[in-house]
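>>> structure for this input, please:
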Amino acid sequence: MGEERVKARQAKRLIDASAEGRLEEIRRLIGTGVPKNARDAEGETALMAAAREGQADAVTELLGRGVEIDASSASGDTALILAAYGGKSRIVRLLLEGGAALDPRDDDGYSALDYAVGFHHGECAKLLKDAIVKAGGAPQAKRLDEDLVGEEEDIVDLSGPEGEGAPPAPRSQWQALLETQGKMLKALERQNALLEELLWRREDDPEGTGQARARSPRKARGLGS
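Sure thing, here's the model as predicted:
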């Protein structure tokens, strides 16, 4: 039991260092024997944490060390899903260049592209769409709605550069978006629920002691950062 606790603490240190982009600490921990694919209690790995928080240098470091790029958490999240959910286009690009699979879906049934389109992360959606088209007849491409593949303008122009406002899209693009967003209603409702939970946690634990009854949702950590 004591050994398991030690391993859990080591895994947490590596995951926390990755989420914060502390490269020297990442190298030190892995160098002292902490497994590079170590997981926390919810199945998150260092790569997932770095991707969620947009830590490009940490992602590059971990990929260079051969971490498992398509590992999934207990809720089905992969590093690519977390990056797309948070609109981290640089991370999405790094993961795609590293060979991340396009077809994984989380426990709610959504893929990285579903989240990128649903939350109007235009650059992420373009990167993912291009990768799917490049995959050709691969199973992951076939599983997507046909109107998401080959309609570049309907995806790319949903938003401007990340962090900047975008000009209104032509009516035809909005019509195309409406056709693809029906399946995202549940995800949008869930996002609102997560934000409400974060507000509730703040009221329930105003001193930040970490003793609030509900746990902080994984994906919400990567939003707006």
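
>>> could you use CA atoms for every contact and neighbour count after this?
OK.

>>> which non-adjacent residue is nearest Ala112?
In space, and not counting its chain neighbours, Ala112 is closest to Ile81: 4.3 Å by CA to CA, 6 or more residues apart in numbering.

>>> pLDDT score for that neighbour?
Ile81 is assigned 96 on the pLDDT scale.

>>> which stretches of the chain have low pLDDT?
Within the chain, the stretches with pLDDT under 70 are 1, 137-225.

>>> show me what contacts Asp16?
Ala46, Ala49 (CA atoms under 8 Å, 6 or more residues apart in numbering).

>>> now the helix or strand in which it is found: buried residues?
Using DSSP states H and E, Asp16 maps to helix 2-19. Neighbour counts over helix 2-19 (16 or more other CA atoms under 10 Å) mark Lys7, Gln10, Ala11, Lys12, Arg13, Leu14, Ile15, Asp16, Ala17, Ser18, Ala19 as buried.

>>> likewise stretch 73-92?
73, 76-92.

>>> just the ones of those residues in helices?
Using DSSP state H, the subset of the buried residues of stretch 73-92 located in helices is Ala79, Leu80, Ile81, Leu82, Ala83, Ala84, Tyr85, Ser89, Arg90, Ile91, Val92.

>>> list just the nearest of those to Tyr115.
Comparing these against Tyr115 with CA to CA places Tyr85 closest, at 5.2 Å.

>>> the closest one reaches Ser111, doesn't it?
No. Using CA atoms under 8 Å, Tyr85 is not in contact with Ser111, being 9.3 Å away.

>>> would you format the ones in helices among the buried residues of stretch 73-92 as a markdown table with distance to Arg39 included?
As requested, these are exported to a markdown table (distance: CA to CA, whole Å):
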| residue | distance to Arg39 |
| --- | --- |
| Ala79 | 13 |
| Leu80 | 17 |
| Ile81 | 17 |
| Leu82 | 16 |
| Ala83 | 18 |
| Ala84 | 21 |
| Tyr85 | 20 |
| Ser89 | 24 |
| Arg90 | 24 |
| Ile91 | 20 |
| Val92 | 21 |
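
>>> nearest to Gly66, of those residues?
Nearest to Gly66 among these: Ala79, at 14.0 Å, using CA to CA.

>>> now do the end-to-end distance for stretch 61-81.
Criterion CA to CA, to the nearest Å; first-to-last residue distance in stretch 61-81 is 19 Å.

>>> noted, bye for now.
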